[in-house]
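In: A structural model of the following input is requested.
(chains A, B and C, ligands or ions: 1)
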Amino acid sequence: MKDTMNIVGKRVVRSDSLAKVTGRARYTADLKMPNMLVAKVLRSPHPHAKILGIDLSGALKTPGVKAAVSGFDGFGIKWGVFRYTQDHAMLPTDKVRYIGEDVAAVAAVDEETALEALSRIRVDYDPLPAVFDPLEAMREGAPIIHEQYKNNINIHVHIDVGEMDRAMESAFLVREDTFKAAGEAYAMMEPYAVVASYENGFLDLWMPNAGPHVRAKALSNLLKIPLNRVRVRHINSGGAFGGRSEVAPGDLVASLLSIKAERPVKLVLSREENATSSRQVHDIIATIKTGMSKDGAIVAKDFRVVYDGGAYSSTGPIATSIPFYVYEECYRFSNVRYNGYRVITNKGIRGMYGCHGRAFLAGNEAQMDMMAKELGMDPVEIRLKNGLTSGEMTATKSRITSCGLKETIEVTAAKTDFQKRWPKTPKLEGIGMGCIAIMCGFPMGFRSGSSCYLKINDDGYVTLVTGVVDNGQGNESMVIQAASEILGVPMEDINLVNADTEITNLDPGAYSQAAAFVSTNAVKIACEKARKQIVAIAAEKLGVAETDIALKNRLVYSVEKPEKKMPISWVAREAFARADPIAATGTFFPNIDLEREWLSRPWGQMAGTFSYATSVAEVAIDPETGKITIPRFTAAHDCGRAINPMAVEGQIEGSVQQAGVAAITEGNLWDGCHLLNPDLLDYKVPLACDMPEIEAIIVESDDPVGPFGAKEGGIAIRMNAYSAVGCAVTHATGVLFKELPLTPDKVFEMLEKGTEVEG
Amino acid sequence: METVKVTFQVNNEKTVLAVKPNETLLETLRERLDLTGAKESCGIGSCGACTVEVNGLPLRSCIVLTSEMEGADITTIEGLCGEGKLHPLQETFMEQGAVQCGFCTSGMIMTAKNLLDRNDEPTRKDIVNTISSNVCRCTGYKKIVAAVEKAGKYGR
Amino acid sequence: MILPGFEYRKAASVAEAIAFYNDFQGKARYLAGGTDLMPLLKYRLSTPAAVVDLKGIQELGAISADHGWLTIGANVTLFDLKNDPVVKEYFPVLCQSLEATSCETLQMRGTIGGNLLQDTRCIEYNKTMEWRTARGFCLKMGGETCNVVPHSRICLSNYCSDNALSLIALSAEVSLAGPEGDKTTGLEKIFSGCGSRVFALGPGEILTRIRIPMEKSRGVYEKLRVRNSIDYPLAAVAVAMRQNGARVCVGGVGPAPRVYDLTGTDAGSVRDGAQKAYTDARAVPNSTLSPTYRRKMVRALFRRAVNKILSEGK
Ligand SMILES: Cc1cc2nc3c(=O)[nH]c(=O)nc-3n(C[C@H](O)[C@H](O)[C@H](O)COP(=O)(O)OP(=O)(O)OC[C@H]3O[C@@H](n4cnc5c(N)ncnc54)[C@H](O)[C@@H]3O)c2cc1C
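Out: Below you'll find the model as predicted:
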């Protein structure tokens, strides 16, 4: 198929880039509407306190203030992604649970007035004992943050497959280590913003989001407005990385204010608010015990992982599970016990992250290297030995239908001369490898599938309507490219209408790596149906067989006699005249076991397919300062098929930055309940000068079900780049790394320890 | 607060405004002049998303007062393409895939423009040095560097 | 994030700037590039009644070499100074520290005067009003105690100017003009040593120029930071070597730079000097890396910088 394609597989200019390079792309904060008000939120200064009362009267009396709200203006409904995680009121009335939690808000004619009004809101608090460390929070006697979570354990994922204890006992080599990682900041460049406009009983909203339908649903519940009257509209998103997946307190705040004021309301968070009060990433402590046979096969795995979840559930059950699954989707092991605990603490709420799970994943990989060494194997051999292959089942019973893991390992090893260099790198230089798999989509009930609707207009232009969401990855461009391929019209002839709850159908959204595999499949199916209609009419008109028809450059033509041709627009007009316009719907629902549930039934087919990737990092450590440099990074991603190789490379390169280099720079710092780096200065997003030479390699395993063979191109390197760095630093120092990020102070300590051991 | 009267050029248009003394250039551009291409991301000068060109130099408009702009010649991303023709950087950013979410893009381009304006043959090292003034969260910078490199060659 | 309210005045001369300062009863802040001041104002760490813009003062914008001194006006930007041929030829340590300051765009806006007079920094201080209110006000905000070292009564926030270190190593002097008259003093003398009131300047004093003895030097600047651009120093050492010996200046740790005149250049003196700098460094957990580590790095960078110079000389 590859050779016959005109545009899929080509390095095309993304459809959204012209608006972005000219400054014309609109983001939420850019929106302006007549009579629009500015909202500001009053936030909790306490990590844990009872709310005795909230008095808004001072704010309401401030000239220029048009509305003020607190939780007492809502319906007392608590939101949760799952029935058993409904704990988040968004605007609390009982107590506050972290510093920065939304407490009250005002809408005023300008920001100055809004700030003045905030200072006139009186909130009566009764401070309560608080707890910030997840291990302390789990102890008997710790302050309880939500009544329903005993010992503050919000989620316990328990997976037990095979006979772990017996297998561990009989293993040839056993090793247990604990790894820690600081939670990261999403640090998307766009601080969170929302515009809400309530008019004629309809609530319209704009905000950067990864799934408009789930937002609308949540807001419909929280506001008791029928779902069809809550409309989340399309807008550009300045990055999400998993942090914009769920309804946000700001959505509720802006909505309530707009309903009260009967005017549009815009709320834009500051950088600091974005860090403290939108979503953060879990801090993780992972204890990993591994048993191996003499030949290096993993025979048993015993995991205990504690996730610091912050104050509310968020996507807790998913977040507590994903690190384990992406690991089991990569490696073969039949005896495993996983105990994942997500613990509530009095800190900001933690959500899913594109690079989620680094302590667990990098820990597993670095430990594997140490064990391999004892067995006389190198990192490449041990990974090839344990890596899953196509046709195999994961421990929790997902079948792998296409798998390029081996190819990604081999190509990165070859490019870096890994196996030759491994035994004899110069002092304080190291090389490390990290592998991973990831599911393309996961169970989300009836939202697991996607639908697309398309019509061909009388000028031959195409209107494509799909739920696909773009947070900057290029998903919009991807579906346009797919449609362009099938319909034989250039990308610029396709108008995309997407991610609008009123117009577009359900879609898994941009957070389960499903945009290529699921959403693009739906688009492809719709386009193929429309193409059939075009072909039928054209064949008749041109007097050739349908099998002889091809579509290209806005033309329908006979392959055998290319002079027989007509513009697609003519076909479209003919179809209108026949009262049967060219229009089609396509739906794709992946092969997922919908009985599967994160806690109660953690087995069955997780996703329609899985992507694979390998990263290799090369590091050098300054012996005097412990500062790491990463001169080179080689990453190979089996994305099934690269619809736009340039976009896939961009994702790989971004992942090297966000997960790989981040492994030596990024981590949230805390002084108890106070986030010490809620900015872009002390939070260290790597800069151009900190980046290695990157070689991004695309491996194409050609998935049997994926559109054009595609799986996903955005995440896998994000889930293993830190592993490569952790392994490389371990290799360079001879000391197993134990904590991320590997900032110079921690590395220096490793060096000091290493010399102690030696000397 | 006494308002301050300022006269300056924005994208080749003479503009006279009475602004609050504490108004930042970014606020003026975005809110008064509807030039929303420059973005507020960090608000304190640490990321560069708000970079515009003032008197030939890249400036972080979130930490500059409009009051300081008397007589200034300002170019924003919106003013980069003249007569329907894109600036070489705009072309190469698209063509090299240097844009993902796009929120840092206008600041990145304005920063890179200054380098090309004063150096027609920037080395890769020069480019990396210059764009290390700005934070991008999506791209890993590789394609941005490639785009600036290519635009430099176009210019010549 | 909006700024608090204040008036704006633009001065055309030093005298006019001082007059504006007096007009507002001293509740005014001088504004040069604003790259240090504006973030402080945004965070409400300072809420002056007026800002007095110094950029219109022509005489503060020049660099000149005569009478055995290189004289640099306070308004000269870091970028222009970095590219000055005399600086390149005579004062490599300054060139290096300028290159290592923040990032290129900020070097084009930031001035050398503002760079020297930038406020000290602390991870529990450079925060919004809301953040600080939740945390409780510290000494530097007029509170009772330090938030970093419980019960401490002195503020150990970090002075993070890169270029003060190299200028001090080069024995630079600064000229100040104020309501009380003009004076010239060694740069190292303008520090109070206390983080909550960083400079020992009189009210309304303006730094007009900096001068460096025109004597060729060798120099090395060593700066520790996590990212290789934008970031302030976590510890830094400047060394300038001239005919009459080497001068080392240590900064980034604590509220004032510390100067060490190296008596000899043998391995022992270097070791002793580095050890002394280590002993003197009072690192507390007020930045992103651990204090014990930063303190050790003072020693490591000291050794590295001096040894680099010595090996260059060979
Ligand atoms: C993201 C970021 C990173 C940075 N990184 C670094 C770094 O790595 N190293 C570093 O050294 N600095 C750094 N800075 C600080 C700053 O950019 C520089 O120090 C710059 O040189 C300050 O100069 P300015 O002209 O902008 O000062 P301004 O902000 O205008 O002034 C600074 C202070 O000096 C006073 N002042 C200015 N001029 C005079 C004068 N002539 N007389 C009396 N008082 C005066 C002002 O009132 C103010 O208190 C950084 C800043 C930012 C925003």
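In: could you pull out the helices for chain B?
Out: Ranges of helices in chain B, per DSSP state H, are B:25-27, B:88-95, B:105-118, B:124-131, B:142-155.
In: Could you check those helices and tell me which one is nearest residue A:65?
Out: Closest of those to residue A:65 is helix B:25-27, at 20.7 Å (criterion: C-beta to C-beta). From N, CA and C alone the C-beta is placed, and that goes for glycine too.
In: on that earlier part again, format the helices of chain B as CSV; extra columns: mean pLDDT and mean neighbour count.
Out: Formatted as CSV, these follow (pLDDT from 0 to 100; neighbours: other C-beta atoms under 10 Å in any protein chain shown):
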stretch, mean pLDDT, mean neighbour count
helix B:25-27, 98, 25
helix B:88-95, 98, 23
helix B:105-118, 98, 25
helix B:124-131, 98, 20
helix B:142-155, 93, 21
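In: Tabulate the ones you listed (a markdown table), appending distance to the ligand.
Out: Below are the helices of chain B laid out as a markdown table (distance: least, C-beta to the nearest ligand atom, whole Å):
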| stretch | distance to the ligand |
| --- | --- |
| helix B:25-27 | 14 |
| helix B:88-95 | 23 |
| helix B:105-118 | 13 |
| helix B:124-131 | 14 |
| helix B:142-155 | 19 |
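In: looking at those helices, which is closest to residue A:456?
Out: With C-beta to C-beta as the criterion, residue A:456 lies closest to helix B:88-95 of the helices of chain B, at 27.0 Å.
In: Can you pull the residues of chain A lying near the ligand?
Out: residue A:681 (C-beta under 6 Å from any ligand atom).
In: Check what pLDDT whichever residue of chain A sits closest to chain B gets.
Out: Distances between chain A and chain B by C-beta to the nearest C-beta are smallest at residue A:23, namely 2.2 Å. pLDDT recorded at residue A:23 is 98.
In: go on, residue A:759?
Out: So, for residue A:759, pLDDT stands at 37.
In: List the contacts of the residue of chain A closest to chain B.
Out: By C-beta atoms under 8 Å, 6 or more residues apart in numbering or on different chains, the contact set of residue A:23 is B:35-38, B:76-78, B:106.
In: same thing but 6 Å
Out: B:37, B:77-78, B:106 (C-beta atoms under 6 Å, 6 or more residues apart in numbering or on different chains).
In: Out of the residues you listed, which two sit at the greatest distance?
Out: Spanning the widest gap among the contacts of residue A:23 are B:78 and B:106, at 8.5 Å by C-beta to C-beta.
In: What count of nearby residues applies to residue A:92?
Out: Neighbourhood size, residue A:92 [other C-beta atoms under 10 Å in any protein chain shown]: 23.
In: wait, doesn't it sit right on residue A:71?
Out: Yes - look at residue A:92 against residue A:71 with C-beta atoms under 6 Å: they come within range, at 5.4 Å.
In: sorry, back to before: the residue of chain A closest to chain B in helix, strand or coil?
Out: coil (DSSP: H, G, I helix; E, B strand; the rest coil).
In: and residue A:252, how many neighbours?
Out: Neighbour count for residue A:252, taken as other C-beta under 10 Å: 27.
In: I figured it hits residue A:90, correct?
Out: Yes - counting by C-beta under 6 Å, residue A:252 touches residue A:90, with 4.4 Å between them.
In: Excluding sequence neighbours, find me the nearest residue to the residue in the stretch 201-350 of chain A that the ligand sits nearest to.
Out: The stretch 201-350 of chain A approaches the ligand most closely through residue A:271 (12.3 Å), counting by C-beta to the nearest ligand atom. Leaving aside its chain neighbours, residue A:271 sits nearest to residue B:42 (4.8 Å; criterion: C-beta to C-beta, 6 or more residues apart in numbering or on different chains).
In: The one you found - how many residues pack around it?
Out: Neighbour tally, residue B:42, other C-beta under 10 Å: 28.
In: dump the residue contacts of residue C:271.
Out: Neighbouring residues of residue C:271 by C-beta under 6 Å, 6+ apart: there are none.
In: hmm, back to that, the residue nearest to residue A:271 and residue C:285: what is the separation?
Out: 24 Å (C-beta to C-beta, to the nearest Å).
In: repeat for residue A:221
Out: On the measure of C-beta to C-beta, residue A:221 and residue C:285 end up 44 Å apart.
In: Okay, domains of chain B per the record?
Out: Per the record's domain assignment (automatic domain parsing), chain B is made up of the domains B:4-79, B:88-154.
In: Export those domains as CSV, with columns for distance to residue A:178.
Out: As requested, the domains of chain B are exported to CSV (distance: least, C-beta to C-beta, whole Å):
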stretch, distance to residue A:178
domain B:4-79, 34
domain B:88-154, 30
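In: Up against chain A, what does chain B have?
Out: By C-beta under 6 Å from any C-beta of the partner chain, the part of chain B that sits against chain A consists of B:36-37, B:41-43, B:46-47, B:49, B:77-78, B:90, B:93-95, B:97, B:99-106, B:128, B:131-132, B:135, B:137-143.
In: where along the stretch 401-550 of chain A do the strands fall?
Out: All strands of the stretch 401-550 of chain A, identified by DSSP state E, counting those that start in this stretch, fall at A:429-439, A:450-456, A:462-466, A:494-498, A:549-552.
In: same check, this time on the stretch 101-250 of chain A
Out: Going by DSSP E, counting those that start in this stretch, the stretch 101-250 of chain A shows strands at A:102-108, A:122-127, A:153-161, A:173-181, A:193-199, A:202-206, A:230-232.
In: Pick the most buried one from the ones you listed.
Out: Comparing the strands of the stretch 101-250 of chain A by mean neighbour count (mean count of other C-beta atoms under 10 Å in any protein chain shown), strand A:102-108 ranks first with a mean of 28.
In: In terms of secondary structure, what does that one contact?
Out: strand A:37-43, strand A:65-70, helix A:111-118, helix A:249-261 (3 or more C-beta pairs under 6 Å, 6 or more residues apart in numbering or on different chains; DSSP states H and E).
In: would you turn those into a markdown table with mean pLDDT?
Out: Listed next are these as a markdown table, based on pLDDT from 0 to 100:
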| stretch | mean pLDDT |
| --- | --- |
| strand A:37-43 | 98 |
| strand A:65-70 | 98 |
| helix A:111-118 | 98 |
| helix A:249-261 | 98 |
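In: which one of the contacts of residue A:23 is nearest chain C?
Out: Distances from chain C to the contacts of residue A:23, taken by C-beta to the nearest C-beta, are shortest for residue B:106, at 13.8 Å.
In: Excluding chain neighbours, what is closest to the closest one?
Out: Counting by C-beta to C-beta, 6+ apart, the residue nearest residue B:106 is residue B:77, at 3.7 Å.
In: Surely that neighbour and residue B:105 touch.
Out: No - between residue B:77 and residue B:105 there is no contact under C-beta under 6 Å: 8.0 Å.
In: neighbouring contacts of stretch A:614-628?
Out: By C-beta under 6 Å, 6+ apart, stretch A:614-628 touches A:408-409, A:412, A:416, A:428-435, A:629-636, A:664, A:717, A:720-721, A:724-725, A:728-729, A:732, A:744, A:747-748, A:751, C:300, C:304.
In: Can you flag which of those belong to helices?
Out: Per DSSP H, the contacts of stretch A:614-628 map to helices at A:408-409, A:412, A:416, A:664, A:721, A:724-725, A:728-729, A:732, A:744, A:747-748, A:751, C:300, C:304.
In: ok, and which of these reach chain B?
Out: Of those, not one also sits near chain B (C-beta under 6 Å from any C-beta).
In: and the end-to-end length of stretch A:169-177?
Out: 17 Å (C-alpha to C-alpha, to the nearest Å).
In: Averaged pLDDT, it. What do you get?
Out: 98.
In: next one: stretch A:608-619
Out: On average, stretch A:608-619 scores 98.
In: So which residues on chain C come close to chain B?
Out: Going by C-beta under 6 Å from any C-beta, the residues of chain C near chain B are C:1, C:3, C:5-8, C:34-35, C:38-39, C:42, C:103-105, C:108, C:229.
In: Which among those residues count as buried?
Out: Among the residues of chain C next to chain B, those buried by neighbour count (16 or more other C-beta atoms under 10 Å in any protein chain shown) are C:1, C:3, C:6-8, C:34-35, C:38-39, C:42, C:103-105, C:108, C:229.
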